[in-house]
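Asker: Sequence first, predicted model second:
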Amino acid sequence: MRFFQAYARQVLALVAFSILSIVAAAQTSYTISPSSKNFGSVTVGMVSGSTSFTVTNTGTTTITVNSYTLSAPQFLFFTGWAPKTLPPGQHTSYEVKFAPDSVTSFSGSITIYVNNTANVIPLTGSGKAAKEKVSLSTTSLSFAATPAGQSSITQPVTINNKGTGNMTVNSVTVDPPFFVSGFSGKSTVIPAGGSLPLQVSFIPSAAGAFNNVMVIAYDALPANGVALTGVGTTATTLALTTFPTLPLATQNHAYQVQFAGGGGAPPYTYSLASGSTLPAGLMLSSSGLLSGTLASTVGLGTYSFGISVQDSSAQQSTTQYSMTVLAPTGSSCDNTIWYMGQTGTPGVALNDLGTGTYLGQQGGLYPNGSNVRPADHDADGVSIAQGIQPLDANGNPSPTGKIGVLSLGMSDTFDVFLTFMTDANADPTKNPAVVFVPGAQPRASAALFASPNNAIWNPIFQNFLPQAGLTANQVVVAWVNDGNYPTGNFPSDMYPTQGNLESIAQNLHTKFPNLKLAYFGSRFYAGYSNGTKNPANPEPWAYQHGFAVKWAIQDQLNGLASLNYNPALGPVKAPWMAWGLYDWSNGMLGRSDGLVWTCQDMEPDGTHPSKPYGREKDANMLLNFFKTDSTTTPWFLAH
């Protein structure tokens, strides 16, 4: 009897153990997709598109992605971080690219550790030799002084295919006040031994010095470019100074452009030139405002029409304009202007607000409503910049060393910085010692980077630095454009972001011992995301973000010890801080320097810059900053 009782207990124990095992298995389960990836054949020197490997928690209990590893240097990590916990039903992704460095086949793997279990995903790809070989007839163009509203003499640039195979030009991009003709806007094949002639002109809208780079992208070769410079002077004869290519329009949605004249005797009166017709739904006022809603009957394409300006002495000048109409993006494309608190008062950019106020807070990028760095702070920045030199892996000066430039931020910063890297590396005026590290990551909020031990820092040190051929000792400069998902009322809603930005500056000093300069940026216009589903950072928070940046920099200017950068004043706790790029502008209402954001500049969510329009616009502004600022030219430009 006892034997049977003991046996029964053993059987019950085994059954119970089996049931528990089944339950445990049911509680913990996950998938990783895809299970392998063949990147195909990629030209040596090029980088493939990215592939996402998604970990999904299909069980009923939380799992942890502990870490990941890549087994071959030709497979590059792109986005994601670990460790990361995933509640039931949640997922996370890790993106990988392929960059062959020789003509051969490659095999490797990405191993993703989930609950300390290795999941090995095979990766394959091959490198192929480039049959194409590109040569530009020139790498720089300089335009003589040109009055605003007038076009310079055009100058030629020829793209030559010196290789043995056909070469495809995918895009030729340049921003106003420079204009390029000869490229259709569609991919163009240049046969072996053939060429593509382009013409570049300079059409300034105002007096001043202008810099840009015409970036030429290919299907199987790295992008290259032509550095452009020009000087605009005050208009001497009556002319329309508005650039002849107008901002992009959206079919069946609101639109507006304010024309401007110069060189005559104000006031100016504007009219549609004789024989010209505007797209249906638009009207031109005598004050030069082109506005309205494009009719649903207006087709996609480019429309041309003449606009005339007349001054008080009855002089008249006419300019031909073109406007391209594209399909709706999915954003709230009628939100061309953000009105503060729905009061009917349009929001004013910080650099136009000046000594004015927004909800009690003074405008301007710097104290006292100024947009100019305080003289002593600028002098300190220039002195630091002049001392920057290439560093070796140990952080020692070396003629063969590197100057690392790191980005930090969320997905919008991630998108813009990648485009900026392409454009800057194509610019022949960039110092070849400058190397970029794309540390920004989708969903990487300021609150994450503010924590020195957060996993968001891991891919920078594990992947992005070594992939760039750098160590932490060689990172000297940072561009920080990061925020949070705020709620609440201004100004208290921006205090946490201000504190996060200050903590980020301190973390940069701790983690990168030779980082000397930190430039901070703002969010751009987000009114097109208002009204979309689950907007990430709509107005007014995108606008208010500029105040968080302003206040963080102002704390350093005011001598806050925790942000001290000057060893003569005590322990150094942070790099020198300043504005790098303030790019908020009130939609198509714009700001005084002419910057506008159209709906076509945004992805369908109204939050992220579109490819190529919004990304190129923002990236070129950032590049122009690095090419012209007093604290960047000593080390960013080739000398």
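Answerer: Happy to help now that I have it.

Asker: So what's the predicted local confidence for the most centrally placed residue in the chain?
Answerer: Centroid check for the chain by Cα atoms, centre = their mean gives residue 416 as the closest residue, at 1.3 Å. Model confidence at residue 416, expressed as pLDDT, equals 97.

Asker: Pretty sure it sits in a helix.
Answerer: Yes: under DSSP: H, G, I helix; E, B strand; the rest coil, residue 416 sits within a helix.

Asker: State the number of residues packed around the nearest residue to it once chain neighbours are set aside.
Answerer: Using Cβ to Cβ, 6 or more residues apart in numbering and skipping the chain neighbours, the partner closest in space to residue 416 is residue 618 (4.6 Å). Placement of C-beta: from N, CA and C, glycine included. By other Cβ atoms under 10 Å, 25 other residues sit near residue 618.

Asker: What separation do you get for residue 618 and residue 519?
Answerer: Taking Cβ to Cβ, to the nearest Å as the criterion, residue 618 is separated from residue 519 by 14 Å.

Asker: how about low-confidence regions in this structure?
Answerer: Applying pLDDT under 70 to the chain picks out residues 1-26, 342.

Asker: Map the structural domains onto the sequence of it.
Answerer: For the chain, automatic domain parsing gives the domain ranges 30-128, 134-233, 239-326, 351-636.

Asker: Ok, which of these comes nearest residue 335?
Answerer: For the domains of the chain, the distance to residue 335 is smallest for domain 351-636, at 4.3 Å, taking Cβ to Cβ.

Asker: which residues of the stretch 301-450 of the chain fall in strands?
Answerer: Here the stretch 301-450 of the chain has its strands, by DSSP state E, counting those that start in this stretch, at 301-310, 316-326, 357-358, 361-362, 403-409, 434-437.

Asker: Would you mind writing the CA trace of the last one as CSV?
Answerer: This file holds the C-alpha atoms of strand 434-437, laid out as CSV (Å, rounded to 0.1, in the frame of the first residue of the first chain):
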residue,chain,number,x,y,z
VAL,A,434,36.2,65.7,-39.6
VAL,A,435,34.3,62.4,-39.1
PHE,A,436,30.7,62.1,-38.2
VAL,A,437,29.1,59.8,-35.6
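
Asker: How far away from the center of its chain is it?
Answerer: Relative to its chain's centre, strand 434-437 lies at 15 Å (Cα atoms, centre = their mean, to the nearest Å).

Asker: on contacts alone, who are the packing partners of it?
Answerer: Strand 434-437 sits against strand 403-409, helix 411-426, helix 465-468, with contacts defined as 3 or more Cβ pairs under 8 Å, 6 or more residues apart in numbering; DSSP states H and E.

Asker: need those in TSV with distance to residue 235, can you?
Answerer: Formatted as TSV, those follow (distance: least, Cβ to Cβ, whole Å):
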stretch	distance to residue 235
strand 403-409	38
helix 411-426	30
helix 465-468	46
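
Asker: Tell me which of the ones you listed sits most buried.
Answerer: Comparing those by mean neighbour count (mean count of other Cβ atoms under 10 Å), strand 403-409 ranks first with a mean of 27.

Asker: any idea of the angle that one forms with helix 411-426?
Answerer: Going by axes from the mean of the first three to the mean of the last three Cα atoms, to 10 degrees, strand 403-409 is angled at 160 degrees with respect to helix 411-426.

Asker: List the residues that contact residue 398.
Answerer: Neighbour list for residue 398: 390-392 [criterion: Cβ atoms under 8 Å, 6 or more residues apart in numbering].

Asker: Now residue 253, what are its backbone angles?
Answerer: Dihedral angles of residue 253 (phi, psi; degrees, to the nearest 10) stand at phi -140, psi 170.

Asker: Settle this for me: it is touching residue 333, isn't it.
Answerer: Yes: between residue 253 and residue 333 there is a contact under Cβ atoms under 8 Å: 4.0 Å.

Asker: Which helix or strand lies directly C-terminal to the one helix or strand residue 547 maps to?
Answerer: Element membership of residue 547 [criterion: DSSP states H and E] is helix 541-557. Using DSSP H and E, the helix or strand that follows helix 541-557 in sequence is strand 576-581.

Asker: do you know which of the helices and strands packed on strand 434-437 lies nearest residue 121?
Answerer: Nearest to residue 121 among those is helix 465-468; the distance by Cβ to Cβ comes to 18.7 Å.

Asker: returning to that earlier point: quick one: the residue nearest to the centre of the chain and residue 622 touch, right?
Answerer: Yes: the pair residue 416 / residue 622 is scored as a contact, 6.8 Å apart, by Cβ under 8 Å.

Asker: Determine the set of other helices and strands touching the helix holding residue 547.
Answerer: Helix 541-557 sits against helix 350-353, helix 495-511, strand 517-521, strand 576-581, with contacts defined as 3+ Cβ pairs under 8 Å, 6+ apart.

Asker: Pick the most buried one from the ones you listed.
Answerer: Highest mean neighbour count among the helices and strands packed on helix 541-557 (mean count of other Cβ under 10 Å): strand 517-521, with a mean of 26.

Asker: Parallel or antiparallel, list what pairs with that strand.
Answerer: Paired neighbours of strand 517-521 in the sheet (DSSP bridges): strand 475-481 (parallel), strand 576-581 (parallel).

Asker: Switch the ones you listed over to JSON lines; also include distance to residue 156.
Answerer: Output for the strands paired with strand 517-521, formatted as JSON lines (distance: least, Cβ to Cβ, whole Å):
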{"stretch": "strand 475-481", "distance to residue 156": "35"}
{"stretch": "strand 576-581", "distance to residue 156": "32"}
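
Asker: For residue 347, which of these is the nearest?
Answerer: Nearest to residue 347 among the strands paired with strand 517-521 is strand 576-581 (18.6 Å), distances taken as Cβ to Cβ.

Asker: now the angle from the helix or strand that the closest one is followed by to helix 411-426?
Answerer: Sequence order places helix 613-628 as the next helix or strand after strand 576-581, per DSSP H and E. If you take the same axes, to 10 degrees, helix 613-628 sits at 60 degrees to helix 411-426.

Asker: Show the subsequent helix or strand relative to helix 613-628.
Answerer: Using DSSP H and E, the helix or strand that follows helix 613-628 towards the C-terminus is helix 633-636.

Asker: Could I have the CA atoms of that following helix written out in CSV?
Answerer: Output of helix 633-636 as CSV, limited to C-alpha atoms (Å, rounded to 0.1, in the frame of the first residue of the first chain):
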residue,chain,number,x,y,z
THR,A,633,35.2,77.5,-39.5
PRO,A,634,38.6,77.0,-37.8
TRP,A,635,38.2,73.2,-37.6
PHE,A,636,35.3,72.3,-39.9
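
Asker: More neighbours: which of residue 253 and residue 333?
Answerer: When neighbours are counted by other Cβ under 10 Å, residue 253 and residue 333 differ, and residue 333 comes out ahead with 25 against 21.

Asker: picking that back up, shared neighbours, residue 253 and residue 333?
Answerer: residue 599.

Asker: Next, find the distance separating the residue nearest to residue 547 when sequence neighbours are not counted from residue 259.
Answerer: In this structure, residue 547 finds its nearest non-sequential neighbour in residue 494, 5.4 Å apart by Cβ to Cβ, 6+ apart. When distance is defined by Cβ to Cβ, residue 494 is 36 Å away from residue 259.

Asker: more neighbours, these two?
Answerer: The neighbour comparison of residue 494 against residue 259 (other Cβ under 10 Å) goes to residue 494, with 25 against 21.

Asker: For that one, list the residues it contacts.
Answerer: Residues in contact with residue 494 (Cβ under 8 Å, 6+ apart) are 486, 544-545, 547-548, 551.

Asker: Could you dump those into TSV with neighbour count and distance to residue 196 added?
Answerer: Formatted as TSV, these follow (neighbours: other Cβ atoms under 10 Å; distance: Cβ to Cβ, whole Å):
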residue	neighbour count	distance to residue 196
486	20	48
544	25	46
545	28	42
547	24	47
548	29	46
551	19	50
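
Asker: want to try JSON lines for those residues, with distance to residue 60 as columns?
Answerer: Below are those laid out as JSON lines (distance: Cβ to Cβ, whole Å):
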{"residue": "486", "distance to residue 60": "33"}
{"residue": "544", "distance to residue 60": "41"}
{"residue": "545", "distance to residue 60": "39"}
{"residue": "547", "distance to residue 60": "44"}
{"residue": "548", "distance to residue 60": "40"}
{"residue": "551", "distance to residue 60": "45"}
